[in-house]
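A.B. asks: sequence plus predicted model, see below.
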Amino acid sequence: MPILDYLNKILTYQIQLKHPVISLLQPGLSEREILLKTSLIPIQIPREMINLYMWRNGTLAPESSTLGDMQFFYGYHLCSLEEALLSFQEGYSIWQKFYKMEFCSLFEDGAGGCCGVIPNQDSLVSPVIQITELGKNIIYSNLTKMMETIASCYENGVFWIGQNGYLDADLKKYGDIALRLNPEIEYWQKRVKGEI
């Protein structure tokens, strides 16, 4: 299934949950706008990232909103393309020094953790990397697999709106679904076993 189908499924579940993020998602950009904006950095972004930002250009962050309102999936909000590119430019030397890679953050948790892609000039897709205080891990083979997993989590009731009005999650079920859909990913193997 194409990434856009999974993104639309996620949005459908968010609407059903009356999740505040639905009013904060910005309209998508044209492919031309995306290519123009990304031409200012010395990398080529994967096709999946273009498709993501054609669908929606991240989450607005008005002062009246909380991080809980902005969550696209549990713990993370979707950065706008402008935020992602700024993060790439500001973090470029850090990614090179500590991780020996180029990295473009697409989802952030507000506390320094993020998920993103490794831009690659030869690829339509890129692995999704999660960076936290524990280090970096490949968590999905590509952005489409990530969105398939997130959509399945919404579909199976892993995410819900808690009593505080914010997105909540059953992290055990999240790990089980992620491992079932991504059995080759070592991170999910270890997480389900309780090793991380």
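C.D. replies: All right, it came through fine. In this text, all values refer to a predicted model and were calculated from it rather than measured experimentally.

A.B. asks: ok, Ala84 touching Ser105?
C.D. replies: Yes. The pair Ala84 and Ser105 passes the contact test of C-beta atoms under 8 Å, sitting 5.9 Å apart. Yep, even glycine has a C-beta here, placed from its N, CA and C like the rest.

A.B. asks: neighbour-wise, which of these two wins?
C.D. replies: Ala84 (28 against 21; other C-beta atoms under 10 Å).

A.B. asks: now the helix or strand hosting Tyr6: buried residues?
C.D. replies: Element membership for Tyr6 (DSSP states H and E) is helix 3-17. Using 16 or more other C-beta atoms under 10 Å as the test for burial, helix 3-17 gives Ile3, Tyr6, Leu7, Lys9, Ile10, Leu11, Tyr13, Gln14.

A.B. asks: same for that helix, what does it pack against?
C.D. replies: Helices and strands touching helix 3-17, as assessed by 3 or more C-beta pairs under 8 Å, 6 or more residues apart in numbering; DSSP states H and E, comprise helix 47-55, helix 143-155, strand 159-161.

A.B. asks: and the second one, what other elements does it pack with?
C.D. replies: Taking 3+ C-beta pairs under 8 Å, 6+ apart as contact, the helices and strands that helix 143-155 lies on are helix 3-17, helix 47-55, strand 71-73, strand 128-132, strand 135-140, helix 171-181.

A.B. asks: cool, the last one as well?
C.D. replies: In this structure, strand 159-161 packs against helix 3-17, strand 167-169, with contacts taken as 3+ C-beta pairs under 8 Å, 6+ apart.

A.B. asks: residues in contact with it?
C.D. replies: The contact list for strand 159-161 (C-beta atoms under 8 Å, 6 or more residues apart in numbering) reads Tyr13, Leu17, Lys18, His19, Phe73, Tyr74, Cys153, Leu167, Asp168, Ala169.

A.B. asks: which among these count as buried?
C.D. replies: Buried among the contacts of strand 159-161 by 16+ other C-beta under 10 Å: Tyr13, His19, Phe73, Tyr74, Cys153, Leu167, Asp168, Ala169.

A.B. asks: want to throw those residues into TSV with pLDDT?
C.D. replies: Output for the buried ones among the contacts of strand 159-161, formatted as TSV (pLDDT from 0 to 100):
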residue	pLDDT
Tyr13	96
His19	92
Phe73	93
Tyr74	93
Cys153	97
Leu167	91
Asp168	93
Ala169	95
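
A.B. asks: ok, so of those residues, who is nearest Thr38?
C.D. replies: Thr38 has its nearest neighbour among the buried ones among the contacts of strand 159-161 in Phe73, at 23.8 Å by C-beta to C-beta.

A.B. asks: so who does that closest one touch?
C.D. replies: Per C-beta under 8 Å, 6+ apart, neighbours of Phe73: Ile10, Phe107, Ile150, Cys153, Tyr154, Phe159, Leu167.

A.B. asks: also His77?
C.D. replies: Per C-beta under 8 Å, 6+ apart, neighbours of His77: Val21, Gly58, Thr59, Ala61, Leu67, Met70, Gln71, Phe107, Glu108, Asp109, Gly110.
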